[in-house]
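Colleague: generate coordinates for the sequence data below:
(one chain, ligands or ions: 2)
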Amino acid sequence: MSPHVFYNPENCRNEAEVESKFIVYYLLPALGYDPSNWYQEVTVGRLRLDFLASANAQNQQSNRRQIVIEAKHPKQNLDRHLRKFRQYIETVQAQYGLLINGREIRVYERCGNTIELRLNLAGYEIVDRLPEIQQLVGRHTLQHHLPPISLPASILETKSAMKVIAVYHNKGGVGKTTTVINLAAALSKRGKRVLVIDLDSQANTTYALGLVKFQDESADDIRDRYVYNVIVNRNKFPIAEVVRKSDFCNPSIDVIPSHIDLMEKEQELVLIDAARTRLVKKLEEVDSTYDIVLIDTPPSLNLYARIALIAADYILIPSDLKPFANEGLRNVQRFITEIDEFRDSLGRKPLEILGVLASKVATHAKFVEHTLPKMEAVIEERYGFRMLRTRIFERRDVSTAIENSIEVGDLDIPNPKSVLDFRPNSPSAQEFEDLAKEVLVLIREL
Ligand SMILES: Nc1ncnc2c1ncn2[C@@H]1O[C@H](COP(=O)(O)OP(=O)(O)O)[C@@H](O)[C@H]1O
Ligand SMILES: [Mg+2]
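Modeller: Ligands and ions are numbered 1, 2, ... in the order given. Sure thing, here's the model as predicted:
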């Protein structure tokens, strides 16, 4: 007999059972959601949602088809959690929220700045009244019969399907490249079509993605086709002609490589006004080829950083939270303001700041417990940037994965891997998976 027929969530003894026995095994499947469209323990900013379910089909990204689900202990009074719950719904701008303690199941809908109770039923009624919940928040309903719009149009507005994220900080060594490559791997594993653009003339990303296969300059196959070509000319070198595949992770990702020559090309490119917006134009042409574009940037305020921030929709700021990196945030803030002014003149929306990502963080328990939260608070209070909830710790696996090589005859050939491929069960792999989830929520792709 199907467990759907006889089910009483009032038998759940604690919050974990409400989550597993009721929400995961009964409610989500009963509402038509399968594991590919719900996520557990999703971090958003400083919040951690129990569940986020999405009725969006691929390439849809309406928040109206998203549901936040919070589980509570059966003895908890749901009223006491309403304020927090509303905050969750507002933060992800989901349209619906389910608040559940097993004894009680409530369905809320977001209306402007408040949430309204749409349905309230006792746990034991669930089987009989399931159709009412399905009617409101079932996957089928949200996909096919969207309820009347009660949201401002700006929230529903969907840009192109493709989202461009620049990973930027004007200080070097804070983990930008490491973030770009491993986040790209994590997103690719989540089924996203990912393009990485290396706009740093140090070409660390290009190297880390395994594209520098030659030992001798004479065999250099990057120089004639790299990010410079994309920028220098409007009509030649569309992105499709410049991209290479990287098997640094599985599934593979596409890459527009950089080259050390990019440094000296800056003098030529600064004289071409249109060079600043060519990446924007060329990205429009691959709008349906990729879901997410990650741009790695130089640790500077130079032309390439500018090009990246003009082309991006979002900026993610990795930081080791050390004093110089913190002080650098003031430059980042000023730079963003200046870029926004230019974007405005192009009719582009301001850059959306995803926040500061704590990166290369020391792992000592004492530090993590006492010092780190204070450092994070400083970023939010003094510099006005939101901290991402995910933290990337400094761990050997991350650097060893990049330094991986294979022996071919008596040669050691570089064979860098993402940490998710190199050590899939490591804490680092988990951190980048968490980062991918958090970023997807922030860019409203979940
Ligand atoms: N989470 C981490 N754990 C261990 N080593 C790291 C981590 N993040 C970065 N590194 C190392 O720190 C150095 C600088 O990181 P990188 O990502 O290149 O910074 P950036 O691009 O900001 O200059 C590199 O050698 C890299 O391997
Ligand atoms: Mg770098």
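
Colleague: switch to C-alpha atoms for all contacts and neighbour counts from now on
Modeller: Fine.

Colleague: so which bits of the stretch 51-200 of the chain are right by ligand 1?
Modeller: Proximity of the stretch 51-200 of the chain to ligand 1, by CA under 6 Å from any ligand atom, involves residues 172-178.

Colleague: from Ile256, how far out is Asn404?
Modeller: 22 Å (CA to CA, to the nearest Å).

Colleague: which one of these two has more residues nearby?
Modeller: Ile256 (26 against 16; other CA atoms under 10 Å).

Colleague: what pairs with that one across the strands?
Modeller: Beta-bridge partners for Ile256, by DSSP bridges, are Ile197.

Colleague: that one contacts Ser246, correct?
Modeller: No. Under the criterion of CA atoms under 8 Å, Ile256 makes no contact with Ser246, lying 10.0 Å away.

Colleague: please name the nearest non-neighbouring residue to the one residue in the stretch 251-400 of the chain that gets nearest to ligand 1.
Modeller: Across the stretch 251-400 of the chain, the shortest distance to ligand 1 (CA to the nearest ligand atom) belongs to Glu394, at 3.3 Å. Leaving out its chain neighbours, the residue that sits closest to Glu394 by CA to CA, 6 or more residues apart in numbering is Lys360, at 4.1 Å.

Colleague: can you get me a residue count around Asn235?
Modeller: Other residues near Asn235 come to 9 when the count uses other CA under 10 Å.

Colleague: so it lies in a helix, does it not?
Modeller: No. Counting by DSSP: H, G, I helix; E, B strand; the rest coil, Asn235 is located in no helix; its state is coil.

Colleague: briefly note if stretch 319-332 comes near ligand 1.
Modeller: No. Contact of stretch 319-332 with ligand 1 (CA under 6 Å from any ligand atom) is absent, the minimum separation being 8.0 Å.

Colleague: which secondary structure elements does the host helix or strand of Arg389 contact?
Modeller: Assigned by DSSP states H and E, Arg389 falls within strand 387-393. Judged by 3 or more CA pairs under 8 Å, 6 or more residues apart in numbering; DSSP states H and E, strand 387-393 is in contact with strand 38-44, strand 352-361, helix 372-382, helix 427-442.

Colleague: tell me the helix or strand right after the shortest one.
Modeller: Put plainly, it is strand 38-44. Next element after strand 38-44 (DSSP H and E): strand 47-54.

Colleague: which stretches in the stretch 51-200 of the chain count as helices?
Modeller: Assigned by DSSP state H, counting those that start in this stretch, the stretch 51-200 of the chain shows helices spanning 82-92, 126-137, 139-144, 153-156, 176-189.

Colleague: need the ones you listed in CSV with mean pLDDT, can you?
Modeller: CSV is the format used below for the helices of the stretch 51-200 of the chain (pLDDT from 0 to 100):
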stretch, mean pLDDT
helix 82-92, 91
helix 126-137, 91
helix 139-144, 86
helix 153-156, 42
helix 176-189, 98
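
Colleague: starting at the chain centroid, how far to stretch 295-315?
Modeller: 17 Å (CA atoms, centre = their mean, to the nearest Å).

Colleague: stretch 194-213: which residues count as buried?
Modeller: Residues 194-212 are the ones in stretch 194-213 that count as buried (16 or more other CA atoms under 10 Å).
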